[in-house]
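Colleague: pasting the sequence and the predicted coordinates here, then a few questions.
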Amino acid sequence: MKNNMSDPIKVIIADDHVLFRAGVKSFLSLKEDIRVIGEADNGMHLLTLLRTQVPDVILLDIQMPIMSGIDALPEIKKLCPQTKIVMLTMLDENSMISKLMELGANSYLSKSSDSEVIYEAIKTCVSQEYYFNDLTNKAMLTSLKQKNNIVPPHLMVQEAVLNEKETTILRLMCEEKSTKEIADIVELSPRTVESIRDKLKVKTGSKSTAGLIMYAVKHKIIEEI
């Protein structure tokens, strides 16, 4: 967690493609609120860097030699539990995305994403913990459908009863609104919104914001992607 929100966001880029790293670094260097503090060309190299550098965000390629991003992810969470991780890949396999989100990834982007999207994902993960997009939403929806198909109805967790205010706040969270934006819309203080968000986690049995989004998709609080 950043100690001072006015400090630049510290980023490490882990990708075995030199040109891709150079392109992303060049773009991010134009942003005053971002500072690239390191580069790695495989997971093992990245873990070595993390023993001396603690970034706010890691851009982590899934497919790298020696140690892949998938194998590195759990180790990164042990070393730097507060660091946000944006996975980068050419693949969009739903099961892979769901697995990575469950392991602790904060977002999942295609390497063909526009540079501004990568910048937005970095900023959003720092301020709101997760950055959701079509890839992540579709993956979570597919995962939920698959799980629902194999879990007997009588063993399903009973649906929580949410009041109108809670439902509205959950829907706004799914629309990637910040706490302040939600507070302004529902005419409550940011602290009250945070309190309701925590209560929603308890009510729905969710451990994280990602869990709340999955709950909202599953129970059709937001329309299916």
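Modeller: Received it, and whenever you're ready, just let me know what you need. Numbering: from 1, shown residues only.
Colleague: tell me the domain ranges of the chain?
Modeller: 9-135, 157-218 (automatic domain parsing).
Colleague: deepest of these, which one?
Modeller: Across the domains of the chain, averaging neighbours per residue (mean count of other Cβ atoms under 10 Å) puts domain 9-135 on top, at a mean of 18. All C-beta spots, glycine's among them, are computed from the backbone N, C-alpha and C.
Colleague: least reliable of the domains of the chain going by mean pLDDT?
Modeller: Note on the domains of the chain: lowest mean pLDDT is at domain 157-218, with a mean of 82.
Colleague: quick one: distance of that one to the chain centre.
Modeller: Centre-to-centre, domain 157-218 and its host chain are 16 Å apart (Cα atoms, centre = their mean, to the nearest Å).
Colleague: residue contacts, the residue nearest the centre of the chain?
Modeller: Geometric centre of the chain, nearest residue: residue 106, 2.1 Å, by Cα atoms, centre = their mean. By Cβ atoms under 8 Å, 6 or more residues apart in numbering, the contact set of residue 106 is 84-86, 125, 129-131.
Colleague: phi first, then psi, for it.
Modeller: phi -100, psi -10 (degrees, to the nearest 10).
Colleague: next one: residue 22
Modeller: phi -60, psi -40.
Colleague: repeat for residue 38
Modeller: phi -180, psi 160.
Colleague: do I have it right that it meets residue 45?
Modeller: No: counting by Cβ atoms under 8 Å, residue 38 does not reach residue 45; the two are 9.5 Å apart.
Colleague: how near is residue 105 to residue 167?
Modeller: As judged by Cβ to Cβ, to the nearest Å, residue 105 and residue 167 stand 27 Å apart.
Colleague: which ones among the contacts of residue 106 map onto strands?
Modeller: Counting by DSSP state E, the members of those that fall within strands are 84-86.
Colleague: quick check, nearest of these to residue 200?
Modeller: residue 84 (21.5 Å; Cβ to Cβ).
Colleague: give me every residue that touches the closest one.
Modeller: 56-58, 106-107, 122, 125-126, 129.
Colleague: now the closest residue to residue 173 other than its chain neighbours: which helix or strand?
Modeller: Ranked by Cβ to Cβ, 6 or more residues apart in numbering and with sequence neighbours excluded, the top spatial neighbour of residue 173 is residue 212, at 6.4 Å. In this structure, residue 212 is located in helix 209-218 according to DSSP states H and E.
Colleague: other SSEs contacting that helix?
Modeller: Counting contacts by 3 or more Cβ pairs under 8 Å, 6 or more residues apart in numbering; DSSP states H and E, helix 209-218 packs against helix 134-150, helix 164-174, helix 190-204.
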